[in-house]
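**Student:** Give me coordinates for this.
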Amino acid sequence: MILLALAAAIPGIFWDAPPDTAPALKEAGIRRILVPAGQAAGWKQVEGIAAEVADPAKAVKLRTPAVNYRFEQASASRVPWIDCNGWRFLRQPDSRYFYDATGALAAMAAAEALAWGADAMIKTDPAGLKPLAEMLTFGEGLERAGMQPLADFGFIDDGSSIAGEVMNLLVRHSLLFRVVRRPDPNLKLTVQPGSKNYPLEQAKNPGAMAQMVRADLTDGRRSLRIYGSAVVVGRLETAAGRLRVHLINYDGAARKVSGLRVRVSGEFPKHRLALAGLPDAELMDYEVLTGATEFTLPELRTYAVVDLQK
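**Tutor:** This is a model prediction of the structure:
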């Protein structure tokens with residue numbers, strides 16, 4: 001089994017309420033906050049809570065992670081649209097980010113930031129304090145040292161809105177890539193909107209472009225495949241002989257996903273599941289196949305991390 005150590009970075013809670021709200025923070029289990037400069041002096045007098053100054057105006061504003069169900073005329077049904085910020089983290093990896101998320105959605109924001117290793121601050125309301133604190137506590141048990149993102153292909157990003165929309169759709173479909181300046185021979189594919197293989201007219205339809213990339217990559221060469229849900233986004237990190245699978249249920253504030261099946265490339269006989277909200281859960285139907293490993297999560301509420309080892 002793989003042991004988890006203290007995480008290197010945890011999202012911060014931005015709290016602009018006065019110091020007399022400290023009891024509510026302590027009751028939720030919060031001991032560290034980020035505050036506006038004008039309130040720093042007052043919070044420094046509060047015992048049991050460490051306060052640091054932060055300025056949301058200097059951070060990149062993000063959408064609240066969630067699923068919006070949109071009516072699809074062609075099928076007379078509702079299809080899930082995921083508000084996912086993963087592409088923003090890939091485009092601006094060195095930025096600091098800001099979420100404004102209330103209630104249970106605060107935990108969703110924390111899960112997304114943890115999964116992507118983003119430097120983020122999260123503003124919430126009193127109803128969001130406890131779920132947010134619980135997710136951050138979960139994140140404190142996740143090791144970060146030595147893990148690097150795993151990508152199947154490179155994406156040449158020109159910074160345009162069209163490229164951003166394509167990146168967004170690729171992330172939502174759990175197609176693993178990294179932003180590159182030029183083709184990388186170590187990657188399986190290079191995608192550049194506006195190139196011969198990926199014409200700009202095609203890129204104007206991000207969904208169609210994502211399907212083109214998937215077809216060119218082929219499912220057989222994908223390092224990660226997720227079965228049984230259209231609202232779960234995954235990403236991978238790797239180190240010597242190890243693989244980490246991050247899984248986020250973007251509809252987690254409303255409903256859980258049951259029986260999620262996952263397939264990764266590589267043979268990993270050892271495993272450990274860390275499942276937010278279910279500390280004693282175990283993976284089911286674990287199979288080490290030729291060149292791949294498959295397993296099923298009994299349920300996924302918001303966020304799960306599966307550590308695999310050879």
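
**Student:** Look through the chain and tell me its longest helix.
**Tutor:** helix 126-139 (DSSP state H).

**Student:** Now do that one, average pLDDT.
**Tutor:** The predicted model assigns helix 126-139 a mean pLDDT of 96.

**Student:** same question, stretch 252-266
**Tutor:** 95.

**Student:** Could you write out the alpha-carbon coordinates of it in PDB?
**Tutor:** Extracted as PDB, the C-alpha positions of stretch 252-266 are listed here (Å, rounded to 0.1, in the frame of the first residue of the first chain):
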ATOM      1  CA  GLY A 252     -20.800  16.400  -6.700                       C
ATOM      2  CA  ALA A 253     -22.700  19.200  -4.900                       C
ATOM      3  CA  ALA A 254     -26.000  17.600  -6.100                       C
ATOM      4  CA  ARG A 255     -25.500  13.900  -6.600                       C
ATOM      5  CA  LYS A 256     -22.900  11.200  -6.400                       C
ATOM      6  CA  VAL A 257     -21.700   8.900  -9.200                       C
ATOM      7  CA  SER A 258     -21.900   5.200  -8.600                       C
ATOM      8  CA  GLY A 259     -19.900   2.400 -10.200                       C
ATOM      9  CA  LEU A 260     -17.400   4.500 -12.000                       C
ATOM     10  CA  ARG A 261     -15.000   2.400 -14.100                       C
ATOM     11  CA  VAL A 262     -11.500   3.700 -14.900                       C
ATOM     12  CA  ARG A 263      -8.700   2.300 -17.100                       C
ATOM     13  CA  VAL A 264      -5.100   3.600 -17.200                       C
ATOM     14  CA  SER A 265      -2.100   2.500 -19.200                       C
ATOM     15  CA  GLY A 266       0.500   0.500 -17.400                       C
END
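
**Student:** re the thing from before, list the first helix or strand encountered after the longest helix of the chain toward the C-terminus.
**Tutor:** strand 148-149 (DSSP states H and E).

**Student:** helices or strands up against that following strand?
**Tutor:** Applying 3 or more C-beta pairs under 8 Å, 6 or more residues apart in numbering; DSSP states H and E, we find strand 148-149 packed against strand 232-239. No exception for glycine: its C-beta is placed from N, CA and C like everyone else's.

**Student:** Parallel or antiparallel, list what pairs with the strand it packs on.
**Tutor:** strand 148-149 (antiparallel), strand 242-249 (antiparallel) (DSSP bridges).

**Student:** where in this protein is pLDDT low?
**Tutor:** 1-8, 70-78, 145 (pLDDT under 70).

**Student:** Could you list the domains of it?
**Tutor:** Listed domain ranges for the chain are 12-139, 151-221, 224-309 (source: automatic domain parsing).

**Student:** Make a markdown table out of the ones you listed and add mean neighbour count.
**Tutor:** A markdown table is the format used below for these (neighbours: other C-beta atoms under 10 Å):
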| stretch | mean neighbour count |
| --- | --- |
| domain 12-139 | 18 |
| domain 151-221 | 17 |
| domain 224-309 | 18 |
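
**Student:** Can you redo the strands paired with strand 232-239 as JSON lines, where the extra columns are distance to residue 195?
**Tutor:** Below are these laid out as JSON lines (distance: least, C-beta to C-beta, whole Å):
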{"stretch": "strand 148-149", "distance to residue 195": "24"}
{"stretch": "strand 242-249", "distance to residue 195": "30"}
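
**Student:** Ok, which of the ones you listed comes nearest residue 97?
**Tutor:** Minimum separation from residue 97 across the strands paired with strand 232-239 (C-beta to C-beta) falls at strand 242-249, 15.6 Å.

**Student:** Contacts for that closest one next, please.
**Tutor:** Contacts to strand 242-249, defined as C-beta atoms under 8 Å, 6 or more residues apart in numbering, come from residues 2, 65, 108, 111-112, 115-116, 147, 150, 224, 226, 229, 231-238, 256-257, 260, 262, 264, 266, 268, 297, 300-310.

**Student:** change it to 7 Å
**Tutor:** 111-112, 115, 147, 231-237, 256-257, 262, 264, 266, 268, 300-309 (C-beta atoms under 7 Å, 6 or more residues apart in numbering).

**Student:** Just to check, residue 216 is in contact with residue 189?
**Tutor:** Yes: Residue 216 is in contact with residue 189 according to C-beta atoms under 7 Å; the separation is 5.9 Å.

**Student:** which ones are touching the nearest residue in space to residue 124 that is not next to it in sequence?
**Tutor:** Nearest non-adjacent residue to residue 124, counting by C-beta to C-beta, 6 or more residues apart in numbering: residue 106, 3.9 Å away. By C-beta under 7 Å, 6+ apart, the residues touching residue 106 are 122, 124, 128, 131, 132.
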